[in-house]
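Novice: could you work out the structure for the sequence below:
(one chain, ligands or ions: 2)
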Amino acid sequence: MNVDRIELPRPDDWHLHLRDGAALGELVAHSARQFGRAIVMPNLRPPITSVAMALAYRERILAAVPAGLAFEPLMTLYLTPKTTTADIDAAVACPYVHGVKLYPAGATTNADSGVRDLDGVDTVLSAMAAGGLPLLVHAESIDPQVDVFDREAVFVRETLSRVVERHPQLRLVVEHVSTAQAVDWVRDAPAHVGATITAHHLLYDRNAMFQGGIRPHLYCLPVLKRARHRQALVAAATSGNPKFFLGTDSAPHERSTKETGCGCAGTFTAHAALELYAEVFDRAGALDRLAGFASRFGPGFYGLPVATDRVTLERQAWTVPASYPLGALGEGELVPLRAGEEMAWRLVAADAIR
Ligand code: DOR
Ligand code: ZN
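Specialist: Ligands and ions are numbered 1, 2, ... in the order given. Below you'll find the predicted structure:
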């Protein structure tokens, strides 16, 4: 059956970068148009390491929500070697903090305050397991000897397996899975271990990064992998398995920091996230499974209610702008995924507009 219109409970983004300061207004607007809630990543400078910082950041985000839109930021803390069990107890007690992000030190953008030695945070992980607070993991090895395309598989095999063995009750999300090995590992792990999958990892393999020349806007971390890994991600996302849910990892960087001699990692997808995911599910003949992946499984994992309001997507062509403004004074710009290209699906109605 050729479906041209789909209605879903309003989806949430379970992995998002909103940044801070002058860029916040535009970035919050992109996400609030698409999603009801988002897990907001803490990799600011300085990182969000305490409940007090998370609450202040939350207020700044709420102040940036455009009039007429409802958007709830779900805050996270940044795990550092200095994080204490008291920090965790405070996070567990705070209704606005929903997870703690583990960045292996130096693994990605603003990850230098992260953790090098997981044994050093063992008591913190125990406190999280006891309090039911999820650990959100950037799962890549930081051993410089490990090939960049193997870093996720090595980290999952060598490090995550050990974490789950030591902390069998710890709720854990492998963020932005990019390999068949990570998919298999999550599938075989206990029910309280899940994974987010981005639209760009579902749509592109590593060839796309080099098509006709180097494409810096497709450079993200974990880096895009071979076609067979992309196929494994599509199979997982469209399988109906509730362990796999939507997380865009939409990661804005100003144009000049991407199109340069040493460009930042990150792909911006928040402008058209649902349309991009709809394309994936449509191509896989699995549009009937999009609502589970985008709207139901994430709330299930985090113990939150599924949205009662709805959004509608239609098969309708539109062209993505070449860029979007970034920064209150319009001094910067953001090159979105599919800039200047045509999209097959369009978000036409979101009844969360109040
Ligand atoms: O591509 C990425 N960009 N991966 C990350 O893990 C971080 C993110 C960012 O903050 O720019
Ligand atoms: Zn991220």
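
Novice: now for residue 243, how many residues are close by?
Specialist: Around residue 243 there are 21 other residues, counting by other Cβ atoms under 10 Å. Every C-beta, even on glycine, is put in place using the N, C-alpha and C of the backbone.

Novice: just checking: what are the partner strands of the helix or strand bottoming out on mean pLDDT in the chain?
Specialist: Here the helix or strand of the chain ranked lowest by mean pLDDT, DSSP states H and E is strand 342-350, holding a mean of 91. Using DSSP bridges, the strands paired with strand 342-350 are strand 310-319 (antiparallel).

Novice: next structured bit after the partner strand?
Specialist: Scanning forward in sequence from strand 310-319 by DSSP states H and E, the next helix or strand is strand 324-326.

Novice: I'd like the next helix or strand past that following strand.
Specialist: Moving toward the C-terminus from strand 324-326, the next helix or strand (DSSP H and E) is strand 332-334.

Novice: could you name the helices and strands sitting against that following strand?
Specialist: In terms of contacts (3 or more Cβ pairs under 8 Å, 6 or more residues apart in numbering; DSSP states H and E), strand 332-334 is packed against helix 255-258, strand 324-326.

Novice: residues in contact with that strand?
Specialist: The contact list for strand 332-334 (Cβ atoms under 8 Å, 6 or more residues apart in numbering) reads 23, 26, 252, 253, 254, 255, 256, 268, 323, 324, 325, 326.

Novice: out of those, the closest to ligand 1 would be?
Specialist: residue 253 (6.2 Å; Cβ to the nearest ligand atom).

Novice: that's a helix at that closest one, yeah?
Specialist: No: applying DSSP: H, G, I helix; E, B strand; the rest coil, one finds residue 253 to be coil, outside a helix.

Novice: I'd say it and residue 260 touch.
Specialist: No: using Cβ atoms under 8 Å as the test, residue 253 is too far from residue 260 to be in contact (10.0 Å).

Novice: residue 168: what's it in contact with?
Specialist: Contacts of residue 168 (Cβ under 8 Å, 6+ apart): residue 190.

Novice: what's the separation between it and ligand 1?
Specialist: 27 Å (Cβ to the nearest ligand atom, to the nearest Å).

Novice: tell me which helix or strand that residue sits in.
Specialist: Using DSSP H and E, no helix or strand contains residue 168.

Novice: contact partners of the least confident helix or strand of the chain?
Specialist: With contact meaning Cβ under 8 Å, 6+ apart, strand 342-350 is reached by 10, 33-34, 272, 274-276, 278-279, 282, 309-320.
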